[in-house]
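Q: Fold the following, please.
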Amino acid sequence: MQEQETLETYIQAIAIYETALKFAPNDFKINKRKGMALEKLSQLQFCLDQNQDAIDTLKQAIATYETAFDQTPDDILNISYLGMIVERLAHQQSSQKQYSEAFVTYQQAVATYDSVLKLVPNDYCNYVLKAGAFTSLADLHFSLSQYTEALDSY
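A: Model (predicted):
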């Protein structure tokens, strides 16, 4: 019962953010907070085994974060965070056997980390994040017995 109330509260909060965005569609803080609410809703949905809903909600969170972060294109922390959320989506897709989508999404995470590294070439944290995304991609290839592709990603 408590989970259902929490779920409904997140949905209500998201609806309120959407109303606010009608008046200020490009407001950074509103978009970021809506993205956070969507992200938390996705986590709860995944815990409740509403797996496809969780994936769809996380895609909405990513799109909302992209809208917010487009306003701060040189903010490496925001871009890095977006990469981690994209990588989480790939992991969820993989866990639901949505392998082709997961491959594409892992590659999007790598591209996101690359965009940070173009801005700050000596940012070792994003090298680590990029390596983690490649490792996850290689692990996915390996789990599907795609050994040559796995070696290319490791």
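Q: Run through this structure and note the low-pLDDT ranges.
A: 1, 147-154 (pLDDT under 70).
Q: Okay, helices next: where are they in it?
A: Using DSSP state H, the helices found in the chain span residues 2-23, 28-47, 51-69, 76-95, 99-119, 124-143, 147-153.
Q: Turn those into a markdown table, columns for mean neighbour count.
A: To be clear about C-beta, it is placed using only N, CA and C from the backbone, and glycine gets the same treatment. A markdown table is the format used below for the helices of the chain (neighbours: other Cβ atoms under 10 Å):
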| stretch | mean neighbour count |
| --- | --- |
| helix 2-23 | 13 |
| helix 28-47 | 20 |
| helix 51-69 | 19 |
| helix 76-95 | 20 |
| helix 99-119 | 18 |
| helix 124-143 | 17 |
| helix 147-153 | 13 |
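Q: hey, C-alpha coordinates of stretch 103-120 in CSV?
A: In CSV, the C-alpha atoms belonging to stretch 103-120 read as follows (Å, rounded to 0.1, in the frame of the first residue of the first chain):
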residue,chain,number,x,y,z
PHE,A,103,23.6,-2.0,-27.3
VAL,A,104,22.5,1.4,-28.7
THR,A,105,21.9,2.9,-25.3
TYR,A,106,25.4,1.8,-24.0
GLN,A,107,26.9,3.5,-27.1
GLN,A,108,24.9,6.6,-26.3
ALA,A,109,26.4,6.6,-22.8
VAL,A,110,29.9,6.3,-24.3
ALA,A,111,29.2,9.2,-26.6
THR,A,112,27.9,11.3,-23.7
TYR,A,113,31.2,10.7,-21.8
ASP,A,114,33.1,11.5,-25.0
SER,A,115,31.4,14.9,-25.1
VAL,A,116,32.7,15.7,-21.6
LEU,A,117,36.2,14.5,-22.6
LYS,A,118,36.2,16.9,-25.5
LEU,A,119,35.5,19.8,-23.1
VAL,A,120,37.9,18.6,-20.4
